[in-house]
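> sequence and predicted structure are below.
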Amino acid sequence: MDQSTMLNRGLNTTITEINPLLGRERTTILNPALAESGGRFLEPGTVLCELYTVESRLDVASGEADLYLCQYENISYIAKVYRREAALKEDVAALLEDVQSPYVARLYEFSSLNGLPVEIIPYYKNGSLQGRQYTLEELRQTVIPCINEGLHALHAKGIIHKDLKPSNIMLADDERSVAIIDFGVSSAKDRDSAVIVTKTGMTPEYSAPETFRGLFLEESDFYSFGITLFELFCGYTPYANMSAEEIERYLAVQRIPFPDSMPEDLRDLISALTYTDLTNRQDKHNPNRRWTYEEVKRWCAGERLPLPGENTVSSGDEFPPYEFLGNQYADVGALVCALAEQWEKGKRHLFRGHLSAHFGLPMPDLAHLCLEAEDEARRKNGKDDVVFWRFLYRAYPLLRAFCWKGQRYETLSAFGRDMLERLWRNDKSQYSYYAGILSEQLLSAYVELSSPGNTALVNAVAAVETSYQMQTADKTDIKKTYYLMAYLLSGQKLLCVDEQRFRTVGELAAHIRHLLDDSVDLMKGFCHRLVDYNGNLDTQLESWLIALGKNAELGQWREMLAQS
């Protein structure tokens with residue numbers, strides 16, 4: 001009686017060649033009780049590849065395989081039993097066995113079970129990166145270097161992963177480093193080719209534009225790397241809830257839509273990793289190509305690199321280096337950032353004609369912007385700062401930091417957090433700075449440049465600027481507008497009283513009750529810091545409640561006071 005007949009008759013045991021490479025046979029116990037699963041589940045005690053004893057089946061969602069926790073010499077491993085033949089290509093498996101990198105899951109064994117591929121890989125007790133979020137520094141210090149080195153190790157062996165995403169990246173036991181797993185759809189490059197032409201293996205949200213045409217390159221993995229970083233920072237992908245067709249159409253005409261909360265450094269890295277034009281991919285000296293291993297490594301080291309497609313002012317023209325304060329700047333982005341940092345000196349270089357004269361012949365588009373700014377400054381007396389500000393963002397449209405009068409904030413969120421901390425300390429040193437931004441309506445202009453599709457943010461910023469104009473006209477306390485601005489930009493909803501911070505009205509009420517339990521006088525003293533004897537709310541408290549969406553409750557409070 002052959003093996004398949006024995007299984008069909010529901011026998012509890014069968015002789016199965018688990019590791020044909022070793023040429024031995026083992027008695028393997030299957031699970032006949034799970035008939036509805038086709039009898040594929042392995043029971044505890046099953047020995048795989050002569051060494052690994054199954055302890056339990058993992059309840060992990062996987063469309064391609066069943067996962068089992070195994071033990072060998074008191075060390076835990078994972079056995080991945082695929083549900084279809086040839087799910088893991090033999091040529092890929094052979095190459096994986098030679099990959100020796102802590103950032104790639106090691107393939108300890110590759111065998112078969114009843115004709116289905118089986119692989120033994122490390123057990124990562126901390127799970128995958130799916131659903132996790134990281135700060136810029138956490139990404140820069142650990143996650144990005146690990147993934148970069150992991151991809152480098154795979155590509156060096158001729159393997160293209162084809163499905164890099166957070167669920168295929170595991171957190172190591174040290175809870176810092178990470179490792180790439182899941183090579184079920186990976187492919188091996190031909191010795192003489194850097195391109196794989198296939199329609200298999202892609203998750204559309206993470207896939208590069210060329211993969212929709214069936215082309216998979218090393219650069220395609222780095223594109224997926226960029227989308228993965230977006231998700232690890234934001235908690236969602238830029239193309240969430242879109243179909244493959246919608247994503248393909250979107251990628252054909254647009255770049256990734258970044259949130260304001262993303263730091264400029266990370267935005268630059270993701271933009272470079274997801275650069276769509278592959279025309280110059282073989283020219284390592286051409287900056288207009290998608291970043292791969294070397295560029296990511298240099299970015300992690302803090303080196304500032306020209307971004308692909310960065311010089312948008314005068315495409316096709318060579319940038320003539322410009323000397324500013326003793327330094328040579330070889331691209332428009334670096335020069336604009338230097339001008340913004342040295343605000344007053346930057347204005348002098350612009351308005352005295354040094355920039356327009358330098359760029360007149362080699363870069364006429366940039367020179368024209370300089371001449372327009374010079375003319376506008378002459379016509380609008382006293383508006384040099386605003387004219388200079390607009391010039392910076394027109395000359396370098398990829399500038400995402402908020403720059404004003406020599407101060408630079410990587411995002412509006414960073415600006416808002418700094419503002420909120422100063423207000424909590426009653427630091428009034430920046431009041432004139434805030435006033436200039438609001439009076440010139442720079443926030444609206446910045447949001448229109450950086451997030452033109454974010455209607456809610458555009459409207460909210462406009463409302464803050466209108467509130468400022470009204471309070472200035474009425475000569476009322478401007479501090480309320482500053483608090484509203486800080487809460488809006490920072491995204492934080494914290495009330496800070498006596499160095500204690502409250503996230504919700506419930507937390508505040510609980511604290512008041514706790515004070516009451518200790519002392520009526522303590523409770524009264526605290527409450528009168530929030531509401532004076534005339535029933536007027538503290539400026540911060542009122543702004544906080546507005547930020548929490550409690551406008552209706554505030555209206556009811558005022559009506560109650562009016563009737564009393």
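Everything's here; your move.

> now stretch 80-91 - C-alpha only, CSV.
The C-alpha trace of stretch 80-91 is given here as CSV (Å, rounded to 0.1, in the frame of the first residue of the first chain):
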residue,chain,number,x,y,z
LYS,A,80,7.1,26.9,7.9
VAL,A,81,5.1,24.3,6.0
TYR,A,82,3.8,25.7,2.7
ARG,A,83,0.4,24.8,1.3
ARG,A,84,1.4,24.5,-2.3
GLU,A,85,4.2,22.7,-4.1
ALA,A,86,7.2,24.8,-5.2
ALA,A,87,6.0,27.7,-3.0
LEU,A,88,9.6,28.4,-2.1
LYS,A,89,11.8,28.1,-5.2
GLU,A,90,14.7,25.7,-4.9
ASP,A,91,17.1,28.1,-6.5
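
> give the buried residues for it.
Residues Lys80, Val81, Tyr82, Ala87, Leu88, Lys89 are the ones in stretch 80-91 that count as buried (16 or more other CB atoms under 10 Å). Where you see a C-beta, it was placed from the backbone N, CA and C, and this is true even at glycine.

> pLDDT of it, averaged?
For stretch 80-91, the mean pLDDT works out to 81.

> ok, stretch 147-154 next?
Per-residue scores along stretch 147-154 average to 96.

> what does it rub up against?
99-101, 103-104, 160-161, 164, 169, 178-180, 186, 218, 221-222, 225, 228, 293, 296-297, 300 (CB atoms under 8 Å, 6 or more residues apart in numbering).

> picking up where we left off before, in strands only, show me the buried residues of stretch 80-91.
Under the assignment DSSP state E, the buried residues of stretch 80-91 contribute Lys80, Val81, Tyr82 to strands.

> do I have it right that the second one meets Ala65?
Yes - proximity of Val81 to Ala65 meets the contact threshold set by CB atoms under 8 Å, at 5.8 Å.

> spatially central residue for this protein, please.
Centroid-nearest residue in the chain: Phe230, 2.5 Å away (criterion: CA atoms, centre = their mean).

> how much space between it and Ile270?
6 Å (CB to CB, to the nearest Å).

> just how off-centre is the host helix or strand of Glu542 within its chain?
Per DSSP states H and E: Glu542 is located in helix 539-547. Computed by CA atoms, centre = their mean, to the nearest Å, the chain-centroid distance of helix 539-547 equals 30 Å.

> can you tell me what sits against the helix or strand that it is followed by?
Per DSSP H and E, the first helix or strand lying C-terminal to helix 539-547 is helix 551-563. Residues from elsewhere that reach helix 551-563, judged by CB under 8 Å, 6+ apart: Gly535, Leu537, Glu542, Leu545, Ile546.

> same question, stretch 343-350
Identification of contacts with stretch 343-350 by CB under 8 Å, 6+ apart yields 324-325, 338-340, 354-355, 370, 373-374, 384-385, 388, 391, 405-406.

> looking at the residues you listed, which are in helices?
Ala338, Leu339, Ala340, His354, Leu355, Cys370, Ala373, Glu374, Asp384, Asp385, Phe388, Phe391 (DSSP state H).

> max pairwise distance over the residues you listed: which two?
Ala338 and Glu374 (19.1 Å; CB to CB).

> for the longest helix seen in the chain, packing partners?
The residue-count maximum for a helix in the chain (DSSP H) belongs to helix 455-474. Judged by 3 or more CB pairs under 8 Å, 6 or more residues apart in numbering; DSSP states H and E, helix 455-474 is in contact with helix 431-439, helix 442-450, helix 479-490.

> out of these, deepest packed?
Greatest average neighbour count among those goes to helix 479-490 (a mean of 22), per mean count of other CB atoms under 10 Å.

> need the pLDDT of Asp173.
pLDDT, Asp173: 92.

> again with Leu42
At Leu42, pLDDT is 90.

> now it, nearest residue through space, not along the chain?
In this structure, Leu42 finds its nearest non-sequential neighbour in Val54, 5.1 Å apart by CB to CB, 6 or more residues apart in numbering.

> could you do Glu294 as well?
Lys284 (8.0 Å).

> helix, strand, or coil at the one you found?
coil (DSSP: H, G, I helix; E, B strand; the rest coil).

> what distance do you get for it to Val387?
For Lys284 relative to Val387 (CB to CB), the value is 40 Å.

> same check on Val464?
Distance of Val464 to Val387, computed by CB to CB: 23 Å.

> just His152 next, same as before
On the measure of CB to CB, His152 and Val387 end up 47 Å apart.

> around the residue nearest to Glu294, how many other residues sit close by?
Lys284 has 10 neighbours, counted by other CB atoms under 10 Å.

> read off the pLDDT value for it.
For Lys284, pLDDT reads 78.

> and the gap between it and Phe216?
Note on Lys284: its distance to Phe216, by CB to CB, is 20 Å.

> same question for Leu232.
Counting by CB to CB - Leu232 and Phe216 are separated by 23 Å.

> of those two, who's got more company?
Phe216 (27 against 24).

> wait, the more buried one sits on Ser187?
Yes - Phe216 is within contact range of Ser187, at 6.5 Å (criterion: CB under 8 Å).

> could the ones in helices among the contacts of stretch 343-350 go into CSV alongside distance to Lys479?
Output for the ones in helices among the contacts of stretch 343-350, formatted as CSV (distance: CB to CB, whole Å):
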residue, distance to Lys479
Ala338, 35
Leu339, 33
Ala340, 28
His354, 41
Leu355, 39
Cys370, 39
Ala373, 34
Glu374, 38
Asp384, 28
Asp385, 24
Phe388, 29
Phe391, 32
